[in-house]
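*Asks:* Mind folding the following:
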Amino acid sequence: MGWFSRRKAAPVESRAEQRAEVNRVREHLEEFIRSRRGVEAFVEPATTMNPPTVLLIASTGEWTRRRVLHPGVLRELSERLMIPVYDIQQVGYPQRMRDWNARAKRGEPQPVEDTELPPWPQ
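*Replies:* Numbers count the residues shown, from 1 in each chain. Now for the predicted structure:
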């Protein structure tokens, strides 16, 4: 009996579970992109604690973050739905996201949508 014998092994996901998660992430990202205008994708690199993630930010500053196990998911979505993809380490977090978070923290109403942008192609 040793110090490390009490640790439980990390659960291993089966291929079916991984595929299901990839599909859930793809559906969520696609719904976010289709329901908002001016969406841009920002890729966050993996850290020691977190896998790589993608951050989608709309023109209003509204955002969503999901971990991306396979880079092909983001590449396929960006090509099919014509959204730009940026490296967060190169460009940083957009000001509109910071403004959104600040308004949410103060409890102020959020802008509904930027009406100056043309509608997203369907």
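*Asks:* Can you list the helices and strands that the top helix by length along the chain packs against?
*Replies:* Among the segments of the chain that qualify as a helix by DSSP state H, the longest is helix 15-35. For helix 15-35, the packing partners by 3 or more Cβ pairs under 8 Å, 6 or more residues apart in numbering; DSSP states H and E come out as strand 53-57, strand 63-67, helix 71-81. Glycine gets a C-beta too; all of them are placed from N, C-alpha and C.
*Asks:* if you set the cut-off to 10 Å instead, what comes out?
*Replies:* strand 40-44, strand 53-57, strand 63-67, helix 71-81 (3 or more Cβ pairs under 10 Å, 6 or more residues apart in numbering; DSSP states H and E).
*Asks:* Not counting its own residues, what contacts it?
*Replies:* 11-14, 39-41, 53-54, 56-58, 62-64, 66-70, 72-74, 76-78, 80-83, 113, 120, 122 (Cβ atoms under 10 Å, 6 or more residues apart in numbering).
*Asks:* Can you turn the buried part of the residues you listed into a PyMOL selection?
*Replies:* Selection of the buried residues among these in PyMOL, burial being defined by 16 or more other Cβ atoms under 10 Å:
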select buried, resi 39+40+41+53+54+56+57+58+62+63+64+66+68+73+74+77+78+83
